[in-house]
Each structure stands twice: as structure tokens, then as C-alpha cells.
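Colleague: Got a sequence here, can you build the structure:
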Amino acid sequence: MQLPDSFITTIKNVYKEDGEKFLAVLPSLIDEVSGRWGLSNIQPVPNLSFNFVAFAKRPSTAPRNTYGSAHDEEVIIKMSVPNPELTSEMNALQFFNGEGACRLLEHDEERGLLLLERLKPGKMLSELEDDDERTNIAADVMLNIHRRGGVTPPLQDKSIKLSDWFDGLKKIRPHFNGGTGPFPKELLERVELFLPELFADKNVGLMHGDFHHFNILSSERGWLIIDPKGVIGPLGYEIGPLMLNPWGSISDGSSFQIRAKRRIDILSERLSWEREKIINWATAHAVLSAWWSIEDNMDDEYALQCAKLFSEIK
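Modeller: Numbers count the residues shown, from 1 in each chain. Below is the predicted model of the structure:
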């Protein structure tokens, strides 16, 4: 199986020695999983990134048709170096149990293996053109998963804590020798000032954690989430990744703000959240996203631009 060079580089950069070991055993691991779960016709997805993900088939457990033949069930296999984020995803999918999310069919936490329901038709929310429609659908999905996730889930020790993510912002000044680097001083100070208030929100529970247009897919059961991070914290954070996507570039800040304001209005109405709360979570996440990019030696310009524009919205 020929793996993309970009995937190999990412796995090595992210997981270091463990990543190299994973790549070395990947062919035998695929054979093992195929035999273990009865999989066939394994085809890697075209956009491999941080995990090995592939389409596959397995014998269906559904009743045979009128001709007595069984249909193959289309599934997704996902595997990677075992890590806390993957464990948190498994925990979240077990907790959601198919309600608002794709189903987890099989898993092996110790080996970093997941067998997932394949959603069909599987159209990403980003493929819709009307942004109002996209935002309303996202609000529906968010309300659905938060209705269940708002109940404190079991196995919290296996879930990501949102507070741990934002503790990362404390590294910015040491990283830049006491300064703020590319972060405007006023912007960073503003985020540091309102974060304690955001975290004082009592509306806490299990959320997706990377909730955006590319992780919401159409299915026969409606629009569902995939790839949850399984994050525990104030549920208001969920809109952060949604507000950053799927633009990808900001050529006209004025147009960006107009659309962002429209999203904020819709989300405020649908979720019954104050506009200021939505704006502040969007700004905070954009700053956090920019810091993550710096840590990963990636371009931080887009996220920083978004943070500045969000912070200027009234």
C-alpha cells in the first residue's frame, strides 16, 4: 500500500519514534484488523493526515434479502499511535452512542483501533452554499449532542479537559522572552481578562471539541458528527472551531465580519446564548488556534486575523 508522503511526514513529526514504529507495523496491523473484524476491500481515504483512515466492508448483520444473499456493510477503520486524544474520542463516541454522532462499532483502546459506521451519503456541511442554512444545521446538531453531553459523562479521566488546552496560552510570553510575539498585546490581554468569566459558566459537559463544517456529515439518520475530541468544559467553547471554518482565507475583512455577525445572530437565537459570550469564545479559540500553529511550526496568520476581526465585532 502506497502511503502519501505528506501523511508519512505528519506521523513522524507528530509522534516521533512512536510514529516511525507505527508506520513500520501498519501493513501487518491492517492484516490483523482485517482478520479480527472480517474486513475486506480496504481503501485509504484520499486525505490522510494524523490517523490512518480507510473505507472497508464487512459482512452485514442485517437480515438477508429476499434472494437469500447477505449485503456487505460499509464501514470506516481508523488507527493511529495510541494517545490520549484517540482514547478521548473512543470515550465520547461510546457516550453519545449514535445519538447525533456516527456509531462506534468496535474499538481497541490499547492498540489505537476504531471501527466506525460509514455515514451515507456523507456530504460535508461545508459543501452547502447557503451559510445561514449551514449555521442552522450546525445549531441543530450542537443542540442534539449537548442534550446528551450536558450530562456529566463517565470516565472523565479519559476525556480531554478544555482548561488544559487554554493553560497552553500561559506559554506564550515565556516563548517570546516576556513579549507576545505576533499576538497583539491588547488582544492577548483581553482574552486573558475574559477567560475566567467564560470558564465560570455552569453550562458544562462533554462536547465535540472540534465542531466545524468538515466534521458534520449527512446520513440516513440526519446530520451527524464525526471525529469528536471528547472535550469536557463550558459548552460555549463549541462555537469556536465553527466560527473559524470553512473560509480558509480573509481577503476582505469587512465581508468576513458581516458573515460572522450573521452567524453570531443565528447562534445566539438558536442556542439562547448572549452575543458577547459567542464573540468571546470565538476570539479565545482563534487565539488558541494561532498558538497551536506556532507550536507546530505552522502558519498562524489566518487564526490571528480571525481573532482580531472577532474581537472588533460589537
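
Colleague: from here on, contacts and neighbour counts on C-alpha atoms
Modeller: OK.

Colleague: So which residues of the stretch 201-314 of the chain form helices?
Modeller: 239-244, 253-271, 275-295, 301-311 (DSSP state H, counting those that start in this stretch).

Colleague: With mean pLDDT, distance to residue 126 and mean neighbour count added, can I get those helices in CSV?
Modeller: Converted to CSV, those look like this (pLDDT from 0 to 100; distance: least, C-alpha to C-alpha, whole Å; neighbours: other C-alpha atoms under 10 Å):
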stretch, mean pLDDT, distance to residue 126, mean neighbour count
helix 239-244, 96, 11, 22
helix 253-271, 93, 14, 16
helix 275-295, 96, 18, 21
helix 301-311, 95, 18, 20
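
Colleague: now those in JSON lines, with distance to residue 196?
Modeller: As requested, these are exported to JSON lines (distance: least, C-alpha to C-alpha, whole Å):
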{"stretch": "helix 239-244", "distance to residue 196": "17"}
{"stretch": "helix 253-271", "distance to residue 196": "21"}
{"stretch": "helix 275-295", "distance to residue 196": "11"}
{"stretch": "helix 301-311", "distance to residue 196": "17"}
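
Colleague: Could you point out which of these sits nearest residue 11?
Modeller: Residue 11 lies closest to helix 275-295 among those, at 16.0 Å (C-alpha to C-alpha).

Colleague: Export the closest one to CSV, keeping only CA atoms.
Modeller: Extracted C-alpha coordinates of helix 275-295, given in CSV (Å, rounded to 0.1, in the frame of the first residue of the first chain):
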residue,chain,number,x,y,z
ARG,A,275,-23.8,37.5,21.6
GLU,A,276,-20.9,38.6,23.8
LYS,A,277,-20.4,35.1,25.0
ILE,A,278,-20.2,33.8,21.4
ILE,A,279,-17.9,36.6,20.3
ASN,A,280,-15.5,36.0,23.3
TRP,A,281,-15.4,32.2,22.8
ALA,A,282,-14.7,32.7,19.0
THR,A,283,-11.9,35.2,19.8
ALA,A,284,-10.4,32.9,22.5
HIS,A,285,-10.4,29.9,20.3
ALA,A,286,-8.9,31.8,17.4
VAL,A,287,-6.0,32.9,19.7
LEU,A,288,-5.6,29.3,21.0
SER,A,289,-5.6,28.0,17.4
ALA,A,290,-2.9,30.5,16.4
TRP,A,291,-0.8,29.4,19.4
TRP,A,292,-1.2,25.8,18.4
SER,A,293,0.0,26.7,14.9
ILE,A,294,3.1,28.3,16.3
GLU,A,295,3.9,25.3,18.5
